[in-house]
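J.: whatever this is, show me its structure:
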Amino acid sequence: MKFFPVLLISLSFIIISCSGNDAQRDFESDAYNSTPSGITRTSSQGEVISVDPDDWRISPFFQGLVEITPPFANPAQLGTPINFEVQVTGVQGVSGLDVQVRYSNGDWNNLYLSNDNPLQPGLTTFQINPIALSRDGSDNLARGIHRIFFFDFNQRLISYGDIEVE
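T.: This next block holds a predicted model:
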């Protein structure tokens, strides 16, 4: 009878842990299995014009640790860099940053890699040339909507969203 409270507490932690894993799996399934469509439109100064509710959400695993500002300008123009801002709000909560694009054929390409592990609390900014979203460096393949993924160094998905190049 003395072990009942310990057993009850242990089971509660297991149930909470499993539901967190389920939420993370659902988030990743949305990211990997849905087709890039729609964008969060932003001005070249970062002003949000319209929101796509599927873009730039934070995964359950990183809730409260990371905030992502929608990239700007979106849609992007060839020859004009796309600006990214990542705010780390937790101490030693994010083991690095690896930003990638996945092409329609399933191939991946690295767009940005932070050397900080862990990422320091505060704001991390970087730019990507829209031509980097092309599989072969051509303007034609750079145009269109591309899904961008943010991972930590353990390949855990932090966030994802779509960018359009005109």
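J.: off-centre distance for the host helix or strand of residue 71?
T.: In the assignment (DSSP states H and E), residue 71 maps to strand 66-72. The gap between the average C-alpha position of strand 66-72 and the chain average comes to 9 Å, counting by CA atoms, centre = their mean, to the nearest Å.
J.: give me the sheet partners of that strand and which way each runs.
T.: Here strand 66-72 is paired, per DSSP bridges, with strand 82-88 (antiparallel).
J.: what's next to the strand it pairs with, contact-wise?
T.: Surrounding strand 82-88, the residues in contact under the criterion CB atoms under 8 Å, 6 or more residues apart in numbering are 46, 65-69, 71-74, 76, 94, 97, 99, 112, 119-130, 150, 163. (Glycine included, C-beta is placed from N, CA and C.)
J.: what residues of the following helix or strand past it count as buried?
T.: Scanning forward in sequence from strand 82-88 by DSSP H and E, the next helix or strand is strand 98-102. Along strand 98-102, the positions that meet the burial threshold by neighbour count (16 or more other CB atoms under 10 Å) are 98, 99, 100, 101, 102.
J.: closest to residue 39 out of those?
T.: When those are compared for distance to residue 39, the smallest value, 14.1 Å, is given by residue 101; criterion: CB to CB.
J.: now that closest one, which residues is it bridged with?
T.: residue 109, residue 148.
J.: so who does it touch?
T.: 108, 109, 111, 132, 133, 146, 147, 148, 149.
J.: what about 10 Å?
T.: With contact set as CB atoms under 10 Å, 6 or more residues apart in numbering, residue 101 has these partners: 36, 107-111, 128, 132-135, 146-149, 163.
J.: just the buried subset of those residues, written out for ChimeraX, thanks.
T.: A single ChimeraX command is used to select the members of the contacts of residue 101 judged buried by 16+ other CB under 10 Å:
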select :36,111,128,132,133,134,146,147,148,149,163
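J.: was I right about residue 94 contacting residue 159?
T.: No. Under the contact definition of CB atoms under 10 Å, residue 94 does not touch residue 159, with a separation of 11.0 Å.
J.: now list whatever residues contact both of these two.
T.: With contacts defined as CB under 10 Å, 6+ apart, the residues adjacent to both residue 94 and residue 159 are 62, 66, 86, 150.
J.: low-scoring stretches of the protein, by residue?
T.: Within the chain, the segments meeting pLDDT under 70 span 1-20, 92.
J.: tell me the centre residue of it?
T.: Nearest to the centroid of the C-alpha atoms of the chain, with distances taken as CA atoms, centre = their mean, sits residue 159, at 2.2 Å.
J.: my guess is that residue contacts residue 65. True?
T.: No. Here residue 159 lies out of contact with residue 65, judged by CB under 10 Å, at a distance of 11.2 Å.
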